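*Asks:* sequence first, predicted coordinates after that:
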Amino acid sequence: MEKLVINGGKPLKGEVAISGAKNAVVAIIPAVLLVNGVCKIENVPDISDVDSILKMVESLGAKVNKLDKNTVEIDCTSLKTYIADRDLALKMRASYYLMGALIGRFRKAVVPPPGGCNFGVRPIDQHIKGFEALGCVTDCAEGEVRIDAKKLHGSSVFFDVVSVGATINVMLAAALAPGKTIMENVAKEPHVVDLANFLNSMGANIKGAGTDVIKIEGVKELKGGTYTIIPDQIEAGTYMSAIIASRGDAVVKNVIPKHLDAITAKFVEMGVTVEEFDDSIRVAVEKPLKQINVKTLPYPGFPTDLQPQMLALLLTVDGQSVVSEGVWDSRFQYVEELKKLGADVFVQGKRAVIHGGNTLKGTDVVATDLRAGASMIIAGLIAEGKTKISDIRHIDRGYEHIVDKLKSLGADIERIDE
Ligand code: EPU
């Protein structure tokens, strides 16, 4: 079993380049199923979630050609089935995007329930509500979602909760639905906008992505083309948190600084030096840091996918900080692992109270999910001695070449097979 071994205590210095956004590419690859032609996708991160979603579209009949490590060509001219592979779908959350894409392409879809990280209950009622508003008939019995979309048409959908997944899925289903669709109370994350930009560049007519209301005029067909995925805002925030936690000074390159506003604002509040350039950000610790309180919220609020990394960073800051989780019901399970390193954190429901400033001591910990894994890495970088992280397949789902990137910043980290 592969593990990461970190010898903590080295300040991270230099520069690191950010890869394409995981949560954009796992939506855009299924979106290619709507295109009657060949799409070339650039800046695709080399991560296992991408391998899984590519296998899924291949199993539906798409021809996938990896031109290099970060460029893939997908030809969906002759798909063969609207039934998604069960084992592949159970591996990841984003398999649910096959529903929206297959509805548009085949007017039919059979997709097993999605897998992914476990943050408590992860319902898909808003996806189903959206599909039904567009005229689909859905049946969620027998461990799979069966959708009949013969009568697919544009319509109005007002979401009860702001959901990234439901916004993306209904956008996928509506792109080729005859008539006008108006989606209200939608998610505004950069990856929602990236999907709309991808679909528009292939011929769709989608307006308003990035605001609370998305308006879609269904088109008859989408044509192939080339598209470049945006940089990963969460990967960028993870490296910034690691650099700050290690009391380093480094430049994070290939980012869209605007997408990081909620994150950099918190770093500035802590007393971190933050310098923004056109497509890079320097973070450095030049004076003692102050405690802060953080609440996660849908974009443009502070992202839940950086909550575990921020909590690890706050372990290095004297005083009491409070982190409140505003998106998921149960996203503090990983704190038990941090406690093994000596972290002083008290969790009560959706709130964690952190008493920072204690010295952490390296030991064996488990990456309980993707971002929890990133949090363990940050904790390992600041702990005295050796930290060994197991279950790193979760980390490999979403972080491209993380060992090489951290090493280039001066971290003492190795991947071992034990
Ligand atoms: N929700 C419902 N009903 C639904 C859908 C969602 O009640 O039909 C609730 C959820 O229970 C949650 C909230 O709405 O409380 C937000 O969930 P959302 O649908 O936005 O999450 P998601 O689409 O399943 C994506 C990311 C997650 C990220 C969340 C929130 C992907 C593949 N996943 O999940 O990313 O935490 O948005 O930003 O895009 C990660 O990358 O580590 C990750 C978990």
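*Replies:* Looks like it arrived, so ask away.
*Asks:* do stretch 348-363 and the ligand meet?
*Replies:* No: applying C-beta under 6 Å from any ligand atom, one finds stretch 348-363 separated from the ligand by no less than 10.5 Å. Yep, even glycine has a C-beta here, placed from its N, CA and C like the rest.
*Asks:* who's in contact with that stretch?
*Replies:* With contacts defined as C-beta atoms under 8 Å, 6 or more residues apart in numbering, stretch 348-363 is touched by 6-8, 291, 311, 314-326, 329, 332, 335, 340-347, 379-380, 382-388.
*Asks:* list buried residues within those.
*Replies:* Buried members of those, counted by 16 or more other C-beta atoms under 10 Å: 6-8, 291, 311, 314-317, 321, 323-325, 332, 335, 340-343, 345, 347, 379-380, 382-383, 387-388.
*Asks:* which phi and psi does the closest residue to the ligand within the chain have?
*Replies:* Proximity of the chain to the ligand (C-beta to the nearest ligand atom) peaks at Gly165, 2.8 Å away. With angles defined as degrees, to the nearest 10, Gly165 sits at phi -60, psi -50.
*Asks:* how about Thr138?
*Replies:* phi -120, psi 150.
*Asks:* could you check the pLDDT of it?
*Replies:* We have a pLDDT of 93 for Thr138.
*Asks:* if we can go back for a sec, is it true that the residue of the chain closest to the ligand touches Ile124?
*Replies:* Yes: assessed by C-beta atoms under 8 Å, Gly165 is found in contact with Ile124 at 7.1 Å.
*Asks:* by mean pLDDT, point me to the weakest helix or strand of this structure.
*Replies:* Each helix and strand of the chain was given a mean pLDDT (mean pLDDT, DSSP states H and E); the minimum falls on helix 86-90 at a mean of 86.
*Asks:* packing partners for it?
*Replies:* Here helix 86-90 touches helix 48-59, going by 3 or more C-beta pairs under 8 Å, 6 or more residues apart in numbering; DSSP states H and E.
*Asks:* let's go with 6 Å and repeat that
*Replies:* The helices and strands touching helix 86-90, judged by 3 or more C-beta pairs under 6 Å, 6 or more residues apart in numbering; DSSP states H and E, number zero.
*Asks:* quick check: residues of the stretch 101-250 of the chain near the ligand?
*Replies:* Counting by C-beta under 6 Å from any ligand atom, the stretch 101-250 of the chain sits next to the ligand at 117, 122-127, 161, 163-166, 187.
*Asks:* alpha carbons of the following helix or strand past the least confident helix or strand of the chain, as CSV, please.
*Replies:* Per DSSP states H and E, helix 86-90 leads on to helix 97-106 as the next helix or strand towards the C-terminus. This file holds the C-alpha atoms of helix 97-106, laid out as CSV (Å, rounded to 0.1, in the frame of the first residue of the first chain):
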residue,chain,number,x,y,z
TYR,A,97,-23.0,14.3,-14.4
LEU,A,98,-23.6,11.4,-16.8
MET,A,99,-27.3,11.8,-16.0
GLY,A,100,-27.6,15.4,-17.4
ALA,A,101,-25.3,14.6,-20.3
LEU,A,102,-27.1,11.4,-21.3
ILE,A,103,-30.5,13.1,-21.0
GLY,A,104,-29.3,15.6,-23.6
ARG,A,105,-27.7,13.1,-25.9
PHE,A,106,-30.0,10.1,-25.8
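*Asks:* residues contacting Phe198?
*Replies:* Residues counted as contacts of Phe198 (C-beta atoms under 6 Å, 6 or more residues apart in numbering) are 28, 227.
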